[in-house]
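Q: task: produce atomic coordinates for the following.
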Amino acid sequence: MSNLKPDSVIACLDCPDHVQAVLEASMWASIRLRAPVGLLHSMPSLQQKAAINYSGCLNIDDENALLEQFTSKEHLSNCELKAQGRLLLSQATSYCEQQRHKLKTYTLHRHENLNQSIDYVDDQAQLIVIGHHVTCKSTLSQLIRVSHCPILVTHAPFLPPTTALFAFDNSPTCHKLLNWLCKTPLVRALTVHIVMVGKETSDNCDALREAYAKLKQAGIKSKKTLLDCRDVAAALNYYQNQHDIGLLMTGAFGQSRLRELLQGSDTKKAIGQYKNPLSTIS
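A: Take a look at the predicted model:
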């Protein structure tokens, strides 16, 4: 029987360097969404059975010594992989309890890879939080592409944002994200900069104005900007740095596979370039 709770914030703890950042981002989101936090750990590939170094990822109790015992081995048995995951989840639970946010947490220990675990929670989760270095950028892109749930990608350390940049390109996925932003309390207290990169045509100006008006009608403090630049990722990165914006939000992989093959994906570029949290929806 599944213990997955509907409308949870799912904290993916599969990246050793980002465990604390993922927990901090998940607790930040949980408070705003008034949602429980599901602490998710997926088994590494059973074909590799390689020990992953989780020791020192939280530094809160003596269980680190046990985690170090696992990482001293080159490969782990199935039982040892399960025990390592249970220890990590125990540490994560203790860490959340010590923050005194009065959050409801529960654990999900999945005996499958991360792709399958994301698929398992995708339909019922309210938000999925994941570290930037899952295994590699291509794997992270694949996870984002197949998920229908909003995903928050965080670097370490996580710093709670006060402003957000909504990269708007008038695509179906961007309108899907726009509709979600108008309903979710996640960004209600933030100032949202809605930025479009493109030519100053009447169509672009009208689309940007309508999206901006929709955010304002939803009670979200907003600013709008149209940037005439050919390199979308570079323009957004520059704008984000100039205005010290703490969160980038974008519709993921809204362009066709053919266009992506010929021109490259703006989402992949964003994943690779941005050092602040990135929220996507596909």
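Q: hey, let's count contacts and neighbours off CA atoms from now on
A: OK.
Q: pLDDT weak spots in the stretch 1-150 of the chain?
A: Applying pLDDT under 70 to the stretch 1-150 of the chain flags the ranges 1-2, 44-57, 59-76, 133-141, 146.
Q: next: the stretch 151-282 of the chain.
A: Scanning the stretch 151-282 of the chain for pLDDT under 70 picks out the ranges 252-277, 279-282.
Q: what about the strands in it?
A: Taking DSSP state E, counting those that start in this stretch to define them, one finds strands in the stretch 151-282 of the chain at 151-154, 163-167, 191-197, 222-227, 247-251, 278-281.
Q: I'd like the ones you listed as JSON lines, with mean neighbour count and distance to residue 215 appended.
A: Output for those, formatted as JSON lines (neighbours: other Cα atoms under 10 Å; distance: least, Cα to Cα, whole Å):
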{"stretch": "strand 151-154", "mean neighbour count": "26", "distance to residue 215": "20"}
{"stretch": "strand 163-167", "mean neighbour count": "24", "distance to residue 215": "11"}
{"stretch": "strand 191-197", "mean neighbour count": "22", "distance to residue 215": "9"}
{"stretch": "strand 222-227", "mean neighbour count": "16", "distance to residue 215": "7"}
{"stretch": "strand 247-251", "mean neighbour count": "25", "distance to residue 215": "14"}
{"stretch": "strand 278-281", "mean neighbour count": "24", "distance to residue 215": "17"}
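Q: adding distance to residue 207, write those out as a markdown table.
A: A markdown table is the format used below for the strands of the stretch 151-282 of the chain (distance: least, Cα to Cα, whole Å):
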| stretch | distance to residue 207 |
| --- | --- |
| strand 151-154 | 25 |
| strand 163-167 | 13 |
| strand 191-197 | 9 |
| strand 222-227 | 11 |
| strand 247-251 | 15 |
| strand 278-281 | 19 |
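Q: residue 173: which of those is closest?
A: strand 247-251 (4.8 Å; Cα to Cα).
Q: that closest one vs strand 163-167, what angle?
A: Calculated by axes from the mean of the first three to the mean of the last three Cα atoms, to 10 degrees, strand 247-251 forms an angle of 20 degrees with strand 163-167.
Q: please consider this matter closed, and thank you.
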